[in-house]
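In: Please work out how this folds:
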Amino acid sequence: MTKKKALQLTYALTKTSLILLLCILLNPTDAHAQKLLDKAELLIKNSTKTQKLSPQDTESFILTDHHVSATSQVSHFYFQQTYADIPIHGAHSGVHLDTNETVISFNNQFEGKVAYRINTIHPKLNPTEAVIAAAKQMQYQYNTVFETLEQRAGSRQAVLLKNTAVSSEDIPVKLIFQPIADGTIHLAWDLSIRDTKSPDWWSIRVDAETGEILHKNNWTISCDFGGGACSDNNQHANTCNHTNHSHHHATHHNRNATNPDSYNVYPLGIESPNHGNRALVQNPADATASPFGWHDTDGTAGAEYTITRGNNVVAWEDLDGQDGTGASPDGGANLDFDFPIDLTQAPQTYLDAATTNLFYWNNIMHDVFYQYGFDEVSGNFQENNYGNGGMGGDYVIADCQDGGGTNNANFATPPDGGNGKMQMYLWTGTPNRDGDLDNGIICHEYGHGVSIRLTGGPGNSGCL
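Out: Model (predicted):
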């Protein structure tokens, strides 16, 4: 994650609130949006009796996210309770109104009697000390040399740290309040650490006085086939079985033919090699969801990449499981991604074909869900949002034939502005089978990103 993108994540709450409020206040034609916002805020303030809250509990909150669904025209407002200008973790409220100001849905998870439950508003630990405390408890190897990439004035403001021994991504740190089991609410440092040796990407709250980890959740959800449900703590389960493929295809079209914007894949409608054959699909990008094609990033005519990379996803191999910048197949100037495959051979022999299939299906998921409202303002995965709102810079990074494990798959979803991360593994059948060719698994993993971004607002990855 770049410094700029990490800072976007860190300051998302303040930025979103200010932009929305300024747009409403400065644009007299947007009186309807202001009216909806007023009603949403009034609902929260009037919920004291039904929610067992005091008037003081509902007088301090911030708007974290807002968007209008392009398909339903429902206005979605998301708020977070604060105390002393510090957010309270998990204390969220969602208000959803149609164009007639009718309440479609309203939920309020604000904390009650906050003023009597807060332990302190002054941290004893600084941000670096909090990260070190978390690293110790997570049993990470670390060094004490932290680079401060950005720091805003005042101890309550966000800090961005870098320590590649602790986290493979930059570490945003900010103050937050964390409710705990004994009924008190503790001042804590909120931070995220992406494990350097596993797919885990932890969102953590560290007690600002003691350094104890008070709460953590994993932005990475992993799945395999052992029964049960998908998990965010490496108890992986629930995908389809790959050990019984009966179709072995050795197919390849004439490479001398000119097939612009073409992909030889198991196309939409075919779940896996067990369900049908590959086909050469031409110009599949949806004109609304991907108006400049799948290989664009600058919003002007012409592809920026001839490899399996573009605005919605970069797909590459990760055979060594090191999360590096792996190789991607090149379709040339005509974007002709037609590569041979023989499932009787080892998966590495058809790596280009598998990566192409992974790229195709991530883009299909992007374009299909766009039609149902998962667009830029609702937090979808795009590098360039083409001026349509939301936070860009968060295309999916999809690892093909990832060497970091077997018999599972996972997807990590940081808040809007942070890259979604998909890791697809081989299954240890006879011979090995490649998850990159099972479109049901690809869709399932991508679906985790969709549901997380749409629950609690695109800036909140902890609701589920």
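
In: When you work out contacts or count neighbours from here on, use the C-alpha atoms and nothing else.
Out: Will do.

In: Count the residues that sit near the nearest residue to residue 52 once chain neighbours are set aside.
Out: Beyond its immediate neighbours in the sequence, the residue positioned closest to residue 52 (Cα to Cα, 6 or more residues apart in numbering) is residue 112, lying 6.8 Å away. Neighbour count of residue 112, defined by other Cα atoms under 10 Å: 18.

In: tell me the secondary structure for residue 112?
Out: Secondary structure assignment for residue 112 (DSSP: H, G, I helix; E, B strand; the rest coil): coil.

In: which residues sit in contact with it?
Out: Taking Cα atoms under 8 Å, 6 or more residues apart in numbering, we find residue 112 in contact with 52-54, 57.

In: Among the residues you listed, find the lowest-pLDDT one for me.
Out: Checked by pLDDT, the contacts of residue 112 have residue 52 as the lowest-scoring entry (82).

In: Confirm that residue sits in a helix?
Out: No - looking at residue 52 with three-state DSSP, it is coil, so not inside a helix.

In: Roughly how far does it sit from residue 97?
Out: Taking Cα to Cα, to the nearest Å as the criterion, residue 52 is separated from residue 97 by 23 Å.

In: These two: which is more packed in?
Out: Looking at residue 52 and residue 97 with other Cα under 10 Å, you find the greater number of neighbours at residue 97, namely 21 against 13.

In: could you list every residue that touches that one?
Out: Applying Cα under 8 Å, 6+ apart, we find residue 97 in contact with 36, 74-76, 103-105.

In: now do residue 136
Out: Shown here is residue 136, which makes no contacts under the criterion Cα under 8 Å, 6+ apart.

In: in a helix, that's where it is, yeah?
Out: Yes - using three-state DSSP, the secondary structure at residue 136 is a helix.

In: For it, give its distance to residue 143.
Out: In this structure, residue 136 and residue 143 are 11 Å apart, going by Cα to Cα.

In: now the contacts of residue 112 as TSV including distance to residue 118?
Out: Putting the contacts of residue 112 into TSV (distance: Cα to Cα, whole Å) gives the following:
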residue	distance to residue 118
52	18
53	15
54	15
57	12
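
In: top of those by neighbour count?
Out: residue 57 (21 neighbours).

In: Leaving out sequence neighbours, find the closest residue to that residue.
Out: The shortest distance from residue 57 to any residue other than its chain neighbours is 6.0 Å, reached at residue 112 (Cα to Cα, 6+ apart).

In: what do you get for residue 317?
Out: With Cα to Cα, 6+ apart as the criterion, residue 317 has its nearest non-adjacent residue at 4.5 Å, and that residue is residue 400.

In: so what pLDDT did the one you found get?
Out: In this prediction, residue 400 carries a pLDDT score of 97.

In: Surely it is in contact with residue 424?
Out: Yes - look at residue 400 against residue 424 with Cα atoms under 8 Å: they come within range, at 5.6 Å.

In: Overlap in contacts, the two.
Out: Any residue near both residue 400 and residue 424 by Cα under 8 Å, 6+ apart counts here, and that gives residue 436.

In: circling back: in helices only, show me the contacts of residue 97.
Out: Among those, the residues falling in helices (DSSP state H) are residue 36.

In: What is the nearest of the contacts of residue 97 to residue 323?
Out: residue 76 (35.4 Å; Cα to Cα).

In: Grab the nearest non-local neighbour of the closest one.
Out: Leaving aside its sequence neighbours, residue 76 is closest to residue 96 (4.6 Å, by Cα to Cα, 6+ apart).
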